[in-house]
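A.B. asks: this is a predicted model, with the sequence first.
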Amino acid sequence: MKIRAAIVGPTGLTGMYLVKLLHRHPQAELMYLASHRDELPDLRDEFPSLLGLLDEDVAQCRPIDPEAIAKEADVVFLGLPHKAAMAYAPQLLDAGLRVIDLSADYRLSDQALYESVYDTPHTDPANLPNAVYGLPELFRKDLPGAMLVANPGCYPTAAALGVAPLLSHSLVKPEGITVYAASGTTGAGRAAKPATSFLSVNEAFGPYGQIGGHRHQPEIAQTLTRVAGKPVTPLFIPHLLPIDAGILETIVLQPADSDVTQADLFEAFQDAYAHEPFIRVRTEDDVLPNVKHVVDTNYVDVSVRLTDSGQVVVFVAEDNMVKGASGQAVQNMNAVFELDEILGLS
Ligand SMILES: NC(=O)C1=CN([C@@H]2O[C@H](COP(=O)(O)OP(=O)(O)OC[C@H]3O[C@@H](n4cnc5c(N)ncnc54)[C@H](OP(=O)(O)O)[C@@H]3O)[C@@H](O)[C@H]2O)C=CC1
Ligand SMILES: CC(=O)N[C@@H](CCC(=O)OP(=O)(O)O)C(=O)O
C-alpha cells in the first residue's frame, strides 16, 4: 500500500518542491494540500509548473483541519515558517499523523536555546524531546517509526555532512572551525522582501545578517557536538548568491596534529560515505564541488584539501531546496516508513 501524504503550507517553495518529488515517488501518494488562507487556492494557479502533476481534487487546497487530514493521510509535511509549525504540530500528532517539520521549531533539543535563538517561547515543549533530527547519514537509526521528524536546516545539512567524518575520525580539532556558506535566493522563501528583490540580488554577492549570530550556527554546533562527544562551537558566515538554488560551503579547520595527511582526509570521507546513496566524495585532483553539479538533485558533493600551510579545507555543495529541504524530507519519510531511502529521489 502506498504512503498517503499531506502538505501544510503548499504555497511555499518547499511545498512546491514536495509536490514535484511526491509526484514521482513510486510508493507515496499526495492526498491533501492544506492552506491557512481564507480564500483557498488551487495550487496549479499558484505554480503553473505543477500543471499536469496534480489531480483536480488534490490541487484544490483545503483548510488545515487535523482530523480531516488524518482521514486521508499517514504523514504530513509542514512547509511553514518557524513559530507557525509548532502551532499546528501538536494537533496533527494527536490526530495520529506522522509529522515531518521542515521548519526550525523542533531542531534544537534545548528549549532555552531555541527560545533565545528564535526569540520566542516554544509553544510545544511537550513534543520537543520526541523529535528526531532527520539527518539520515548521521542519525539513521533514530528514524524508523518516528512520529515527529525535525528536518535539518539547509546550511546545517551541508556543514554537518562536511565536518562529521573528520571529527569522528579525530582528524581535526573541535576548536576553530569556520563555515563560509553561499546560498541561492530560494533559501529565503517565496515571499517578496527587499533583501531578495531582483535589484538587490542580481549581479550582487555578499555576506548577510549578524556575523556569528545566524540562527543556523547553534544548529550546526548541536550536530557537531553530538558527533564529537565534546563541545564544538563553529563560526558560520552566510552569503547570498544571485542564483535560484544551490549552496556551496567552504569550511576551514585545523588538523588534529601535524601527522594528518591528505590520504587520511579522503579515507575518512570514503569510510563514512561509501554506502551513502546521496553523498559523492570527490577525490579527483581537478574536481571540486560546485552547485552546478548538484542542483535539482538530492546529492551532496564533498571534497577536502590539506593546504601547504597545514590547514584542512572542506568543500560541500547541495541544492538547498532538495537535500537542504524537501528532498531530505522525502528521504526522511522513506526512512520513517522503512522504505529504500532513494525512492522518489533517484
Ligand atoms: N527554502 C529553503 O531553502 C529552506 C526552507 N526551510 C524551511 O521550510 C519552511 C518553509 O520554507 P519555504 O517553503 O521556503 O517558505 P515560504 O515562505 O516560501 O512558504 C511558507 C508557507 O507557509 C504558509 N504560512 C505562512 N504563515 C503561516 C501560518 N501562520 N499558518 C499557516 N501557514 C502559513 C505560507 O502560506 P501563504 O502562501 O499563504 O503565505 C506558505 O505556504 C520554513 O520554516 C523554512 O525556514 C528549510 C530548509 C531550506
Ligand atoms: C538565503 C537565506 O535567506 N537563507 C535562510 C536559510 C534557509 C532557510 O530557510 O533556513 P532553514 O533551513 O532553517 O529553514 C537564512 O539565512 O535564514
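C.D. replies: Arrived safely, thanks for sending. Ligands and ions are numbered 1, 2, ... in the order given.
A.B. asks: any chance you could map the helices in the stretch 151-300 of the chain?
C.D. replies: In the stretch 151-300 of the chain, the helices defined using DSSP state H, counting those that start in this stretch lie at 154-168, 198-201, 216-228, 262-273.
A.B. asks: and the shortest one, what's its mean pLDDT?
C.D. replies: Averaged over helix 198-201, pLDDT sits at 95.
A.B. asks: ok, the last one next?
C.D. replies: When the per-residue pLDDT values of helix 262-273 are averaged, the result is 98.
A.B. asks: how about it: buried residues?
C.D. replies: For helix 262-273, burial by neighbour count (16 or more other Cβ atoms under 10 Å) applies to 264, 265, 266, 267, 268, 269, 272, 273. Bear in mind the C-beta positions are built from the backbone N, C-alpha and C, glycine included.
A.B. asks: and what of the shortest one?
C.D. replies: Neighbour counts over helix 198-201 (16+ other Cβ under 10 Å) mark residue 201 as buried.
A.B. asks: circling back: ok, which of the helices of the stretch 151-300 of the chain comes nearest residue 279?
C.D. replies: helix 262-273 (4.0 Å; Cβ to Cβ).
A.B. asks: tell me what angle the closest one forms with helix 154-168.
C.D. replies: 120 degrees (axes from the mean of the first three to the mean of the last three Cα atoms, to 10 degrees).
A.B. asks: got a list of contacts for helix 262-273?
C.D. replies: For helix 262-273, contacts defined as Cβ atoms under 8 Å, 6 or more residues apart in numbering pick out 137, 164-166, 168-169, 171, 279, 281, 283, 302-306, 312.
A.B. asks: and these, which of them are buried?
C.D. replies: 137, 164-166, 169, 171, 279, 281, 302-304, 306, 312.
A.B. asks: ok, so of the residues you listed, who is nearest ligand 1?
C.D. replies: Nearest to ligand 1 out of the buried ones among the contacts of helix 262-273 is residue 137 (Cβ to the nearest ligand atom; 16.4 Å).
A.B. asks: right, and the closest one touches residue 157 too?
C.D. replies: No: here residue 137 lies out of contact with residue 157, judged by Cβ atoms under 8 Å, at a distance of 9.2 Å.
A.B. asks: quick check: the farthest pair among the contacts of helix 262-273?
C.D. replies: Maximum distance among the contacts of helix 262-273 (Cβ to Cβ): 23.1 Å, for 137 and 306.
A.B. asks: any idea which helix or strand carries residue 333?
C.D. replies: Counting by DSSP states H and E, the element that carries residue 333 is helix 327-336.
A.B. asks: in the stretch 201-346 of the chain, which residue sits nearest ligand 1?
C.D. replies: Using Cβ to the nearest ligand atom, the single residue of the stretch 201-346 of the chain nearest to ligand 1 is residue 325, 3.5 Å away.
A.B. asks: mind listing the strands for the stretch 1-150 of the chain?
C.D. replies: 3-8, 28-34, 75-78, 98-101, 132-133, 148-150 (DSSP state E, counting those that start in this stretch).
A.B. asks: for the residue of the chain found nearest ligand 1, what are its contacts?
C.D. replies: Among all residues of the chain, residue 12 sits closest to ligand 1, at 2.0 Å; criterion: Cβ to the nearest ligand atom. If you count contacts by Cβ under 8 Å, 6+ apart, residue 12 has them with 79, 80, 189, 190.
A.B. asks: show me which residues of the stretch 151-300 of the chain sit near ligand 2.
C.D. replies: 153, 154, 183, 187, 188, 238, 240 (Cβ under 6 Å from any ligand atom).
A.B. asks: partner residues bridging the residue lying closest to residue 65 once chain neighbours are set aside?
C.D. replies: In this structure, residue 65 finds its nearest non-sequential neighbour in residue 34, 7.4 Å apart by Cβ to Cβ, 6 or more residues apart in numbering. Taking DSSP bridges, one finds residue 8, residue 62 as the beta-bridge partners of residue 34.
A.B. asks: now tabulate the helices of the stretch 151-300 of the chain in CSV and tack on distance to residue 252.
C.D. replies: Output for these, formatted as CSV (distance: least, Cβ to Cβ, whole Å):
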stretch, distance to residue 252
helix 154-168, 11
helix 198-201, 26
helix 216-228, 14
helix 262-273, 13
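A.B. asks: the closest residue to the residue of the stretch 201-346 of the chain closest to ligand 1 other than its chain neighbours: neighbour count?
C.D. replies: Distances taken as Cβ to Cβ, 6+ apart place residue 14 nearest to residue 325, at 4.8 Å, with adjacent residues excluded. When neighbours are defined as other Cβ atoms under 10 Å, residue 14 has 27 of them.
A.B. asks: do residue 292 as well
C.D. replies: 10.
A.B. asks: now it: how far from residue 32?
C.D. replies: For residue 292, the distance to residue 32 equals 36 Å [Cβ to Cβ, to the nearest Å].
A.B. asks: what do you get for residue 289?
C.D. replies: Distance from residue 289 to residue 32, by Cβ to Cβ: 37 Å.
A.B. asks: try residue 106
C.D. replies: For residue 106, the distance to residue 32 - Cβ to Cβ - is 21 Å.
A.B. asks: more neighbours: those two, which one.
C.D. replies: A count of neighbours by other Cβ under 10 Å puts residue 106 above the other of residue 106 and residue 32, at 28 against 23.
A.B. asks: comparing the strands of the stretch 1-150 of the chain, which comes out most buried?
C.D. replies: strand 75-78 (a mean of 27; mean count of other Cβ atoms under 10 Å).
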